[in-house]
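> Can you look at this prediction? I've put the sequence above it.
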Amino acid sequence: MNAAETGAWALLIQLAASTLRVSTPLVLAALGGLASERSGVINIALEGMMLVGALAAAIVTHSTASPWLGVGAGMAAGALLALLYGLCVIRLRSDQIVAGTAINLLAAGIAPFVCKVLYGATGQTPSIGIENRFQSGPTWMAFALVLAVAAWLRWTPSGLWVRFAGEHPEALSTAGIRVNRVRWAGVVLSGVLSGLGGAALSIQLSSAFSRNMTAGRGFMALAALIFGKWRPVPTALACLLFGFADAIQIRLQGVVLWGSEPVPVQFIQILPYVVTVLVLAGLVGQARAPRALGQFFDRG
Amino acid sequence: MADSLQGPAAAPAAVELRGLTKRFRHVVANAGVDLRVEPGTIHGVIGENGAGKSTAMKMLYGLYAPDEGQILVDGKVCSWRTPQDAIRAGIGMVHQHFMLAGPYTALDNILLGAEPSPSWAGFLPRSLRPVDRSAARARLQKLSEQYGLPVDLDAPIERLPVGIQQRIEILKLLYREARVLILDEPTAVLTPQEVIALFENLRKLKAEGKTIIIITHKLKEVMSFTEKVTVFRAGRVTGEVETAKTSPQELANLMVGRKVVLSVEVPPQPPLGPPVLELDSVALDRRHGKLDGVSLQVRAGEVVGIAGVEGNGQSELMQAILHPRDPGCRSSGKVRVLGQDVTANTTAEIKDLGVGLVPEDRHQEGLLLERPMTENFLLGLQRSPRFASGGFIRQDELEQACRNAIREYDVRPAAIDLELGRFSGGNQQKVVIAREFERKPRFLIAAQPTRGVDVGAIEFIHQRILRARTEGAGVLLVSSELDEVLALSDRILVFYDGRVAGEFKRGECTEREIGLLMGGGS
């Protein structure tokens, strides 16, 4: 093997590892979206849930020096926001898109406020030392969870209930299961998983929380969910595709592709978003959403 | 268990309702309903829409709690709050709209909510114990053999025909050990052959000791398949009779509260005139629906009936006639109405040629339920010189026309300012018909004209359709009620899978022949 070949292999492996890493928050949030949407609740609030998860994880890890406590805090923060969302859309029956948008705005507003109160600056939390950050933990968790969620949906009663709650809630109800209770579980689980995804973002992929650090990843996760036809494994593969675009983007920043100047970094950075748009616009084809997605259910 | 139920004199009723009363705000849906169902029988429950039969059954299977009265099962007083309590007591219901999720397998649909789990998983919470599908499958195979109800348990529901879906609903109840099965309008979506198969299955269930209650409005089925019938009218039971000792006429009278003419008297057919509707290989691509090169003709002075199980292109046919310009309604073929090629015309232009339309879904396409009768009467006539001048509605003229219509069509209540949603289904339909006849149509399209309409009004609507024919109009009748098509039509076209599967003249076919074609046979 000559030096050029070794270099190419190294590059590929690096790119693969980087893809897995940057896909982690996407996979977790997409699984969260899956739990909520398969139960019949649209969840565009993934973005906000990720953001508070990232914030809480960074704060707790910074103050306790324990990334495990940080992850727990991230999941709890996501769950808390999910409870608020569930209150709006399950209990009070507000429109799921409107309420989801409100949750996202709320999260985007809370984060700088909390930073200001705690650290005197709205921009970001203090940086966390490398010894207190995760290297690959959340990534392993994410891909283990893909299989766990797939098995859960297929093999357990509650997985069956979630699928029926999104497809034919009346059938579930007449079979003696409280539809809205199942939906509550789906929504809270989506908060927990999105919060975990946010934590991966702030204490695995970077060293602090920074303003709007999710940068649309919640929506990308949603796109992956649709691309993956609301099924766990295909959804995770879609996340890997977006993650791959992101990894390439990171790799290409500042690289001279042609001529003498590098392509402006802004153009490189839009790559994952362009892939998302192309996938949603062209490749999705006949994605069939759960039939009762977005509909209220009366009589639990 | 079955043994203790036998012995006709000694056994308590399988189900007994005593003085059940249910009010919804001011409306009394059930006023002292008494009903007794003997074990091991098939019992019919009939009544018009809104007569209270569904309310009574919903109390029986636990969806509503009664305000007064008692429910007894096997002689024991029961009080329950949910359908689950009822099913535990052995009472289950097959709903008119099946409670089945299309993409999932029959097996999953059946075991939903009653998932078996292997014994080793006892330490897990119920919701996380693995589902033991093979145990459920074994039990279901035994049940379907015992009751003669074969199904493919691994097929997704959406790929199964409606008759099989219904069988799955019945298995669902058997799986939950129901002893009393309530079936709500079980034949509404079935072909005649499937109806026969259903009742054969129900007889087998009866022979195995099950008790069956059928809610229906079809007198013929009640007469041929039940042992006793309970008739509801206006929230009360107006009769409980033994089927062998009654007649369809008596049942109809009990349902309506007056003497009803059941058979349609068809006046002699007038001489046929020119075609009022000509379709020449009209097709619609599969993306939008299904119509496969439909060619047909309706001439002045005849009623052409379209028979078929719903969803076989009847709705698409109507849309293609009314919106021929829209590629989502017609992708190829010619439409001529009253001798004129209308392929490029708007719906309003087509209707102005002299077309009356009774739409298949009057709530969606025919009426504004939250507006008063006057405005509904004006719909589609708002540009006619009779009701409009100089950009204003001629209110006096309109009100006068409404009052006339109320008199002529016996619309109740006689309140032209009342919002239409407060009228009964039959009276709403009368408003539609009065309005469409106001146009003096030379071509009448009547789609499901008696759906959700009470027996008394059905009689009237049928007569009105036949009068249009006598007066020389051509009528296209689309109905999923085969009896209606058979009674009114001079020619019958059977629709299957978006095409005309067969054509018959009046009196030249049997219900069996048509039924076979409706189910895709030949």
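Cool, the structure landed. This is a predicted model, so every value here is computed, not measured.
> A:Trp9: how many residues sit nearby?
By the measure other C-beta atoms under 10 Å in any protein chain shown, the count of residues near A:Trp9 is 11. For the C-beta atoms, the positions are set from N, CA and C on the backbone; glycine is no exception.
> again with the one 3 residues further on
One way to gauge burial is a neighbour count; for A:Leu12, by other C-beta under 10 Å, it gives 10.
> Distance of it relative to B:Leu143?
57 Å (C-beta to C-beta, to the nearest Å).
> ok, whatever residue of the stretch 151-300 of chain B ends up closest to chain A - how many residues close by?
Residue of the stretch 151-300 of chain B nearest chain A, by C-beta to the nearest C-beta: B:Lys172 (8.2 Å). When neighbours are defined as other C-beta under 10 Å, B:Lys172 has 27 of them.
> okay, now the residue in chain A positioned nearest to chain B: neighbour count?
Relative to chain B, the nearest point of chain A is A:Ala175 (2.9 Å; C-beta to the nearest C-beta). Using other C-beta under 10 Å, A:Ala175 has 24 other residues around it.
> Report the contact partners of it.
Under the criterion of C-beta atoms under 8 Å, 6 or more residues apart in numbering or on different chains, the neighbours of A:Ala175 are A:164, B:99, B:112-114.
> Make sure I have this right: B:Ala29 is in a strand.
Yes. Counting by DSSP: H, G, I helix; E, B strand; the rest coil, B:Ala29 is part of a strand.
> near chain A, which residues of chain B show up?
Contacts of chain B with chain A, taken as C-beta under 8 Å from any C-beta of the partner chain, map to B:82-84, B:87, B:93, B:95, B:99-104, B:108-109, B:112-115, B:117, B:126-131.
> close enough to count as contact, the residue of the stretch 151-300 of chain B closest to chain A and B:Ile110?
Yes. With contact defined as C-beta atoms under 8 Å, B:Lys172 and B:Ile110 form a contacting pair (4.9 Å).
> residues touching B:Gly235, list them.
Per C-beta under 8 Å, 6+ apart, neighbours of B:Gly235: B:28-31, B:33, B:51-52, B:55.
> repeat that with 6 Å
B:28-31, B:52 (C-beta atoms under 6 Å, 6 or more residues apart in numbering or on different chains).
> got the contact list for the nearest residue to it once chain neighbours are set aside?
Among residues not flanking B:Gly235 along the chain, B:Gly52 sits closest, at 4.1 Å (C-beta to C-beta, 6 or more residues apart in numbering or on different chains). B:Gly52 makes contact with B:29-30, B:232, B:235 under the criterion C-beta under 6 Å, 6+ apart.
> Could you list the low-pLDDT ranges of chain B?
B:1-10, B:522 (pLDDT under 70).
> Any idea which residue of it lies closest to chain A?
B:Gly113 (2.9 Å).
> Can you report how many residues neighbour that residue?
Neighbour count of B:Gly113, defined by other C-beta under 10 Å: 20.
> quick one: pLDDT of the nearest residue to it once chain neighbours are set aside?
Of all residues not flanking B:Gly113 in the chain, A:Ala175 sits nearest, at 2.9 Å (C-beta to C-beta, 6+ apart). We have a pLDDT of 88 for A:Ala175.
> quick one: A:Ala175 from A:Val41, how far?
19 Å.
> can you check A:Pro138 too?
Distance from A:Pro138 to A:Val41, by C-beta to C-beta: 25 Å.
> ditto for B:Thr470
From B:Thr470 to A:Val41 the distance is 57 Å (C-beta to C-beta).
> the more surrounded of the two?
Using other C-beta under 10 Å, the more surrounded residue of B:Thr470 and A:Val41 is A:Val41, with 32 against 13.
> okay, now the domains of chain B?
Listed by automatic domain parsing, the domain ranges of chain B are B:2-90+B:177-256, B:106-173, B:270-354+B:441-522, B:361-440.
> Who are the packing partners of the helix ranked longest in chain A?
The longest helix of chain A (DSSP state H) is helix A:3-38. Contact here means 3 or more C-beta pairs under 6 Å, 6 or more residues apart in numbering or on different chains; DSSP states H and E; on that basis helix A:3-38 packs against helix A:46-64, helix A:137-155, helix A:157-167, helix A:179-200, helix A:217-227, helix A:232-252.
> what pLDDT, on average, does that helix get?
92.
> Now that helix: buried residues?
By 16 or more other C-beta atoms under 10 Å in any protein chain shown, the buried positions in helix A:3-38 come out as A:18-38.
> now swap in stretch A:155-169 and tell me
A:156-169.
> Could you list which of those also contact chain B?
Contacts with chain B are made by A:156-158, A:164, A:167-168 out of the buried residues of stretch A:155-169, judged by C-beta under 6 Å from any C-beta of the partner chain.
> Including pLDDT and distance to B:Val478, could the residues you listed go into a markdown table?
Formatted as a markdown table, these follow (pLDDT from 0 to 100; distance: C-beta to C-beta, whole Å):
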| residue | pLDDT | distance to B:Val478 |
| --- | --- | --- |
| A:Thr156 | 96 | 47 |
| A:Pro157 | 96 | 44 |
| A:Ser158 | 96 | 45 |
| A:Phe164 | 97 | 34 |
| A:Glu167 | 95 | 31 |
| A:His168 | 95 | 29 |
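> Distance to B:Gly521 added to those residues, as CSV?
Below are these laid out as CSV (distance: C-beta to C-beta, whole Å):
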residue, distance to B:Gly521
A:Thr156, 43
A:Pro157, 41
A:Ser158, 44
A:Phe164, 34
A:Glu167, 32
A:His168, 31
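> quick one: contacts for residue 192?
Unless you meant another one, I'm taking chain A. A:Val192 neighbours (C-beta under 6 Å, 6+ apart): A:75, A:78-79.
> That was the other one, I meant chain B.
Contacts of B:Pro192 (C-beta under 6 Å, 6+ apart): B:511, B:515.
> so how many other residues sit close to residue 297?
Picked chain A for this. Burial of A:Phe297 is recorded as 20 neighbouring residues (other C-beta under 10 Å).
> think we crossed wires, I meant chain B
15.
> How about B:Ser79?
10.
> So which bits of the stretch 101-250 of chain A are right by chain B?
So far as C-beta under 6 Å from any C-beta goes, the stretch 101-250 of chain A lies against chain B at A:155-158, A:164, A:167-168, A:170-171, A:174-177.
> Leaving out chain neighbours, which residue sits closest to B:Pro413?
B:Phe423 (7.5 Å).
> Please determine how far that neighbour is located from A:Arg163.
41 Å.
> what's the closest non-adjacent residue to B:Tyr64?
B:Lys58 (4.8 Å).
> Helix or strand next in line after whichever strand or helix holds the one you found, which one?
Counting by DSSP states H and E, the element that carries B:Lys58 is helix B:53-60. The helix or strand immediately downstream of helix B:53-60 is strand B:68-73, counting by DSSP H and E.
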